[in-house]
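> Sharing a sequence plus its predicted fold:
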Amino acid sequence: MNILVRRRTPALLCTALMMATGLALAPGAAAAQTSATAPQRQCTVRDGYPPEERNTGVGGTPTKYKHTRSPYIGGRYDRCANTLKLYYGGYSSPQFAYYEVSYAHPTGRDWVSWQVRMGPDRVATWNNPEIGSWNFKVRACAQSIDEGQGRNCTGWSPQLFVYTGSG
């Protein structure tokens with residue numbers, strides 16, 4: 001009898017090992033194991049758009065918008081990178097010296113503006129942007145940044161809306 005038990009023990013061990021291997025390799029078991037150990041984070045990439053301006057898109061990634069006589073503007077919120085990027089430019093003329101960029105952020109009451117020298121394909125980045133509604137517009141101006149009055153500017157680009165929330 002001891003001999004029979006000894007012979008059955010390796011056979012039972014092999015059977016148990018084969019069943020455990022089969023269960024571990026089953027598609028349902030693998031999926032359950034993956035979802036329990038590595039939950040995926042939801043990533044949102046949201047491009048800006050001009051809510052009241054139709055037929056102003058000029059393409060690109062993200063889509064950029066412009067009027068006939070204005071610089072282009074585009075925006076993108078990336079939840080995974082936690083950044084908000086504003087893309088602007090595309091207006092070249094020796095008469096213009098700088099871009100004026102204006103924006104309103106979620107907790108701001110007034111528009112905030114800054115000036116930056118002319119150049120192709122400008123990008124402004126906000127890391128960890130406030131959650132909510134952001135609005136942007138840009139124009140090109142002819143006088144130097146240092147001089148205060150008498151500006152000669154293009155019209156504003158279409159006003160761009162970008163939402164930085166999770167919904």
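Looks like it came in fine.
> now Phe161, which residues is it bridged with?
Tyr49, Asn135 (DSSP bridges).
> any idea how far Leu84 is from it?
Per CB to CB, to the nearest Å, Phe161 is found 12 Å from Leu84. Backbone N, C-alpha and C define where each C-beta goes, glycine included.
> repeat for His105
As for His105, its distance to Leu84 is 9 Å (criterion: CB to CB).
> Which one's more surrounded, the two?
Leu84 (24 against 18; other CB atoms under 10 Å).
> Could you give the bridge partners of that one?
Leu84 forms beta bridges with Tyr77, Trp126, as assigned by DSSP bridges.
> ok, back up a step: next, show the common contact partners of His105 and Leu84.
With contacts taken as CB atoms under 8 Å, 6 or more residues apart in numbering, His105 and Leu84 have 129, 134 as neighbours in common.
> what about Gln95, distance to Asn152?
8 Å.
> mind listing the helices for this structure?
In the chain, the segments counted as helices under DSSP state H are 2-25, 27-37.
> Of those, which shows the lowest average pLDDT?
Per-segment mean pLDDT for these reaches its minimum on helix 27-37, at a mean of 37.
> center of this protein - which residue?
What sits nearest the mean C-alpha location of the chain, by CA atoms, centre = their mean, is Asp78, with 2.4 Å.
> Identify the residue nearest Ala104 in space, chain neighbours excluded?
Leaving aside its sequence neighbours, Ala104 sits nearest to Asn135 (CB to CB, 6 or more residues apart in numbering; 4.6 Å).
> For Ser92, see how far away that neighbour is.
In terms of CB to CB, Asn135 sits 25 Å off from Ser92.
> The two - which one has more neighbours?
Asn135 (19 against 12).
> which ones are touching the more buried one?
Contact analysis of Asn135 by CB under 8 Å, 6+ apart lists 103-104, 159-162.
> And the pLDDT at the closest residue to Glu53 other than its chain neighbours?
For Glu53, ignoring the flanking residues on the chain, the nearest one in space by CB to CB, 6+ apart is Pro158 at 3.9 Å. Looking at Pro158, its pLDDT reads 94.
> show me what contacts Pro158?
50, 53, 56, 65-67, 70, 73, 137.
> Just name the closest of those to Trp126, please.
The closest of those to Trp126 turns out to be Ile73 (CB to CB; 15.0 Å).
> ok, Gly60 to Val138 distance?
Distance, Gly60 to Val138, by CB to CB: 15 Å.
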